[in-house]
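Undergrad: Sequence first, then the predicted structure, then my questions.
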Amino acid sequence: MISEVSGREAKLLLSSEEISNRVSQLGREITRDYKDKDLVIIGVLKGGFIFLADLIRHIKLKIEIDFIRVSSYKEATQAGDIELITNTGISLRDRHVLLVEDLIDTGVTSDFIKRTIISNNPASYKTCALIKKRKRREADITVDYFGFEIDDKFIVGYGTDLAEEGRNLPDIYVIE
């Protein structure tokens, strides 16, 4: 177990075992809900890649995977303007799209991504996030599947980072 990331105190929030158990449950729910549907899973880079990799191992369906990359942080922890870095490379028209993110915070980035994907006319659109923060949303979004709901704390680990550090940690920590 670690005690600091990037020189800041880190306290364990979710263990790798807790995460693994919940990711398995989410995979079963998604499998049930998308049975007999043409499912495309879009992962949000960079933060969502570890969650996505673990989640798809528990989805027992034929799926197609693609990625989208946006940037919303100009400084290590301060949100800025949202920029589309890489869009999806496959057709989403008339397909069921599930967006997979590491965390939902204000909802502004998620709303931006939703509008980008909806412009491609999918049959349906839903969101799955490992972490949903309890806070007043700045955008009206729905989180259809989520692993954990937490207070508004800055977290790192299991894909999330602090100035690009800590993504490789198997647990999730709160940065003080």
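TA: Yes, it's here. Numbering: from 1, shown residues only.
Undergrad: residue ranges with poor pLDDT in the chain?
TA: Within the chain, the set of residues satisfying pLDDT under 70 comprises 1, 73-80.
Undergrad: can you tell me which helix in it is longest?
TA: Longest helix in the chain by number of residues (criterion: DSSP state H): helix 16-33.
Undergrad: Now do the one helix or strand V44 maps to against helix 16-33, angle only.
TA: Remark: V44 resides in strand 39-45, with elements defined by DSSP states H and E. Using axes from the mean of the first three to the mean of the last three C-alpha atoms, to 10 degrees, the inter-axis angle of strand 39-45 relative to helix 16-33 is 150 degrees.
Undergrad: buried ones in the longest helix of the chain?
TA: By neighbour count, with 16 or more other C-beta atoms under 10 Å as the criterion, the buried positions of helix 16-33 are 19, 23, 26-27, 30. Yep, even glycine has a C-beta here, placed from its N, CA and C like the rest.
Undergrad: count of residues packed around the closest residue to E165 other than its chain neighbours?
TA: The shortest distance from E165 to any residue other than its chain neighbours is 4.7 Å, reached at S6 (C-beta to C-beta, 6 or more residues apart in numbering). As a burial measure, the neighbour count of S6 was computed by other C-beta atoms under 10 Å and equals 14.
Undergrad: hey, what's the residue nearest the centre of the chain bridged with?
TA: In the chain, the C-alpha closest to the average C-alpha coordinate belongs to E101, at a distance of 1.2 Å (C-alpha atoms, centre = their mean). With beta bridges defined as DSSP bridges, E101 has these partners: A129.
Undergrad: quick one, phi/psi of the residue nearest to T31 when sequence neighbours are not counted?
TA: Taking C-beta to C-beta, 6+ apart as the measure, T31 lies nearest to K60, with 4.8 Å between them; neighbours along the chain are not counted. Reported as degrees, to the nearest 10, the phi and psi values for K60 are phi -100, psi 60.
Undergrad: Could you check how many residues crowd around K60?
TA: Neighbours of K60 (other C-beta under 10 Å): 12.
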